[in-house]
Each structure stands twice: as structure tokens, then as C-alpha cells.
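Student: kindly return the folded structure for what I paste below:
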Amino acid sequence: MPSRTAYRGTAPLPAHPALSAPETGSATAAGADRAQPVLGLAGLTFVIPLSFLVAFGAGGAEASLRVLGPLTTFALPAVAMIAFWWEDWPGSALRAGWSGLTDTLIVAAAGVALAVAGQAVVSRIDLRALVDAQPGTGHIPTFPSTMPLAVGAFTAILQLTLVSEGWPLRGLGRFRSGLTAVALSYAAGTAGYLLFVDVDDAAAAGTPLHDPGGPFPAGVYGAWLTALGVWQMVFFVALRGRPFSGIRRRGHRLAAGNMAVIVLGWATYAVLRHAFGWETDRITAVCGTVITAVLIVGMLFEAWPATRLRPLPGRTCALVLMGAVAALLYWTLSAYARSVVWLHATPDEWVTFTALNGIGTGVILHVAIWRRWPVIAGAAGRPDGARPAADRRSDRDGEPT
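Tutor: Numbers count the residues shown, from 1 in each chain. This next block holds a predicted model:
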């Protein structure tokens, strides 16, 4: 069996995704200090228009939530595959601009295919319901019916990619490991839906919507998964694997990381739901904005200006910045959402959708897939958002940097 082998001229797959790999030196941080915050601010010219397109592009806020919400959520495992497993392949074999466009088209096609498969699981394949916010009698809108499955699949691929360090799949090589990761995460999302989700009887009555009969309402299941996602991001993006990276034995390290993320995710949900009395939609929205804030500060802005400080105060500063950005995001998006009349959704559902699927996905696309093009001309970006040193540029055509 190959060990992280190269695929058709690409570099070997590293042991860790670049986004969560432990930092090994100060050269990257020094380069980020020189480039930031200009690099991150310039990236917002890509992220903000894309987030507006996602949030409103299907005919308004509610229509976009009901149509683009499921499609973009089902596309997220493909985003993770290209960004963190294939590391921009196959777009890396093309010129800048065409590279990001090609990868984005692959993501879009995968989102449609996985959404259709999701329809088959929760009800039946219905292409009209896939693209119509008001499909009419006899049709099951994909929002919210398919969302628990879609969110479960994305949570699973992040758990596999970040928390479990891609083990043992990264030994399969770049191409096969990415496809296998998507397949396993989708299977895990499907199993989670069938085992744990209970569909409201009134919503399912007289429709082809299947009720798995699980122990948890869909809202509870989704809120817990999003709370779990917060700790995935905090430990393995904001803190680059700390404190688990200090555990030398891989088995112990992976067990500790997985256990901590799952337990803290459940504890976060329990505190917000029972101690604070928040509704599940609000829990999901707040956790979604925290995840997005981690991506903005840690990936788009490369933790600037915290990188100018010593390690411990720097990490503390970065976490405080992430909390502040999350609060600002939730306040801003909620202020707009509560000014809209909603017929089949809630303001917090739109906040979650816009934060995660619009802004958060936009950050990943811009940094890890488009490699910050056109802000950085050429294939000079790195999947963790850092600018590489000039002497590290590939001398092989098509090799990811």
C-alpha cells in the first residue's frame, strides 16, 4: 500500500492537513505579519460578494435558504475533500483563476449529486423540490428535510480530517483518500440520520417523508452537531491541534481529541439549551457564527495581529478576536433577519445558513481552493492561508504548493 503517495505528478500527501498541522517555525508567521491585514482585507472582496450571492441569489433570503441551503451544505464535504485532501487538485494543474473555477464547478456538481442522494434517503428523488423553494403539494422541500443528513456528513468529514488527522485514509494517497473520506462521511451522516433523528409526525403526515423514529428531534440533532463543530474549529484550527499535539502516541492522541470534541460539543449544547434556555435554532446560529469567526480570523487573516505576540498571549488574543467577530456576526445578521417576514423558516436558520454556507465557505474557497487568487497572482497561496517563501515554489507543473 502506498504511503501518502503522489498522484499524477502532485506532491505526496502530508501527514496532516495544512490547516491544522502544528506550527514548526516562525517563518510563516513572519510572512503573515508582513502581508496582513492587507491580504485578509483584500480577500473580503471575494468572500463578501460570494456570501451575498449565497444568501440572496435564489430570489431573496427565504428562497435562498430553502433552495441553496441544502445544496451548499451537501457540497461542503466536497469542499473539504478538495481543500484538505486533494489540496486544490485537479485545479492545481491549471493556470490561476481557471484552477479555482474548475474546483468550484466540481464542488457544485458534487453538491447536486449528494443532495439528490439525500432526497432518496429522507423521502424520494424530486428534482423540482431540489430547485424550487415552493414546490407545491406532493413535493417535499429539501429544506429542512435533508438538512440533518447534510450537516451530519459535513461534521463527519471534519472529524475525520481534522480531529482524526485523516488516519488511516491518508495512506491511500491523495485521490483515493479524498474520495473515500467523502464516501465514509456521507455514510456516517446517513447512519446518524437514520439512527438518531425523529421527524415531526405532523410534518411527515400524508407525505413521502420517511420518519426514522430516532430519539432526537431534528433541531436538537443539528444544534448538537454545530456545537461539536465549534470545538473542531477551536482545537484544530484556532489552536492548531493543541493541547493534543503534545501527545506523542497517535492512538492516544486521536482518542483524546475525539473524546474531547464529542464531550465538549454535547456539554456546550446542554448548557446553552438547559442552563441558558436557548432554542435549538439559536444554539445552531450562535455556534455557526463562532465557526465562521474562527475561519475568518484563523484562516483569512492568519490570526493577525495575535501572531505578533508570544505564543501563549498570542493564542489568547486570537481566541478573544474570534469571540468578538462571532458576536459581531451574530448581531449583524440577526438584525437583518429579524426585519424580514418569514413564512417557512426562522431568522436564526437564515443566520446559520449565511454565516456557515456563505461567509465560512467563502473563506475556505478563497484561501484553500482559489489560493487567494486574484489577490495573490499565480498558484502562490497555501491551503492554510499562509504565503509560501519564494524558494518553496514547485518546479513541477501541476504540483500543489
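Student: residue 58 and residue 70 touch, don't they?
Tutor: No. The pair residue 58 and residue 70 does not pass the contact test of CB atoms under 8 Å, sitting 11.2 Å apart. Where C-beta positions appear, they are placed from N, C-alpha and C, glycine not excepted.
Student: for this structure, longest helix please?
Tutor: helix 311-337 (DSSP state H).
Student: list the buried ones in that helix?
Tutor: Across helix 311-337, burial judged by 16 or more other CB atoms under 10 Å covers 314-315, 317-319, 321-322, 325-326, 329-330, 333-334, 337.
Student: for the stretch 201-350 of the chain, which segments count as helices?
Tutor: For the stretch 201-350 of the chain, the helices defined by DSSP state H, counting those that start in this stretch occupy 201-204, 218-233, 250-270, 280-295, 311-337, 347-352.
Student: ok, residue 185 - contacts?
Tutor: Residue 185 is in contact with 77, 153-154, 156-157, 160, counting by CB atoms under 8 Å, 6 or more residues apart in numbering.
Student: against residue 371, how distant is it?
Tutor: With distances taken as CB to CB, to the nearest Å, residue 185 is found 24 Å from residue 371.
Student: repeat that for residue 143.
Tutor: On the measure of CB to CB, residue 143 and residue 371 end up 32 Å apart.
Student: so what pLDDT did residue 396 get?
Tutor: Here, the pLDDT recorded for residue 396 equals 36.
Student: typo on my end, it should be residue 379
Tutor: 42.
Student: and residue 376, by the same measure?
Tutor: 75.
Student: part of a strand, is it?
Tutor: No. Going by DSSP: H, G, I helix; E, B strand; the rest coil, the assignment for residue 376 is coil, not a strand.
Student: thinking again about what came up before, ok, so of the buried residues of helix 311-337, who is nearest residue 137?
Tutor: residue 337 (28.1 Å; CB to CB).
Student: list the contacts of that closest one.
Tutor: The neighbours of residue 337, taking CB under 8 Å, 6+ apart as the test, are 61, 347-348, 350-351.
Student: in the stretch 151-300 of the chain, where is pLDDT below threshold?
Tutor: Along the stretch 151-300 of the chain, the parts satisfying pLDDT under 70 run over 201-206.
Student: now stretch 248-261: buried residues?
Tutor: 253-254, 257, 261.
Student: so between residue 58 and residue 70, which is more surrounded?
Tutor: residue 70 (28 against 20; other CB atoms under 10 Å).
Student: quick check, pLDDT for that one.
Tutor: 97.
Student: touching, it and residue 117? I think so.
Tutor: No. With contact defined as CB under 8 Å, residue 70 does not reach residue 117; the gap is 11.7 Å.
Student: tell me where the protein has strands.
Tutor: With DSSP state E as the definition, the chain shows strands at residue ranges 197-198, 216-217.
Student: show residues contacting the first one.
Tutor: Spelled out, that is strand 197-198. Where contact means CB under 8 Å, 6+ apart, the residues beyond strand 197-198 that reach it are 148, 211-218, 221.
Student: ok, it: who's next to it in the sheet?
Tutor: strand 216-217 (parallel) (DSSP bridges).
Student: need the buried residues of helix 311-337 in CSV (columns: pLDDT).
Tutor: Below are the buried residues of helix 311-337 laid out as CSV (pLDDT from 0 to 100):
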residue, pLDDT
314, 89
315, 91
317, 93
318, 93
319, 95
321, 96
322, 97
325, 97
326, 98
329, 98
330, 98
333, 98
334, 98
337, 97
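Student: could I get those residues as TSV with distance to residue 103?
Tutor: As requested, the buried residues of helix 311-337 are arranged in TSV below (distance: CB to CB, whole Å):
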residue	distance to residue 103
314	32
315	31
317	33
318	28
319	31
321	29
322	27
325	27
326	28
329	26
330	30
333	27
334	32
337	31
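Student: tell me the confidence at residue 112?
Tutor: Each residue has a pLDDT score; the one for residue 112 is 97.
Student: apologies, that question was intended for residue 389.
Tutor: Note on residue 389: pLDDT of 34.
Student: with residue 91 instead?
Tutor: pLDDT, residue 91: 65.
Student: picking up where we left off before, and which of the contacts of residue 337 is nearest residue 135?
Tutor: Nearest to residue 135 among the contacts of residue 337: residue 61, at 18.3 Å, using CB to CB.
Student: wait, isn't that closest one in contact with residue 351?
Tutor: No. Using CB under 8 Å, residue 61 and residue 351 do not qualify as a contacting pair, with a distance of 10.3 Å.
Student: over to residue 310: give its phi and psi.
Tutor: Main-chain dihedrals, residue 310, degrees, to the nearest 10: phi -60, psi 160.
Student: measure it to residue 375 for me?
Tutor: Residue 310 is 29 Å from residue 375, where distance means CB to CB.
Student: how about a markdown table for the buried residues of stretch 248-261, with distance to residue 297 added?
Tutor: Converted to a markdown table, the buried residues of stretch 248-261 look like this (distance: CB to CB, whole Å):
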| residue | distance to residue 297 |
| --- | --- |
| 253 | 25 |
| 254 | 26 |
| 257 | 21 |
| 261 | 20 |
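Student: for those residues, which one is nearest residue 122?
Tutor: Set against residue 122, the nearest of these by CB to CB is residue 261 (26.4 Å).
Student: verify the stated contact: the closest one with residue 231.
Tutor: Yes. Using CB under 8 Å, residue 261 and residue 231 qualify as a contacting pair, with a distance of 4.6 Å.
Student: for stretch 338-356, buried residues please.
Tutor: By 16+ other CB under 10 Å, the buried positions in stretch 338-356 come out as 345-356.
Student: which residues does that stretch contact?
Tutor: Residues external to stretch 338-356 that are found in contact with it (CB under 8 Å, 6+ apart): 51, 54-55, 61-62, 64-66, 68-69, 72, 141, 143-144, 226, 279, 281-282, 284-285, 288-289, 291-292, 329-330, 333-334, 337.
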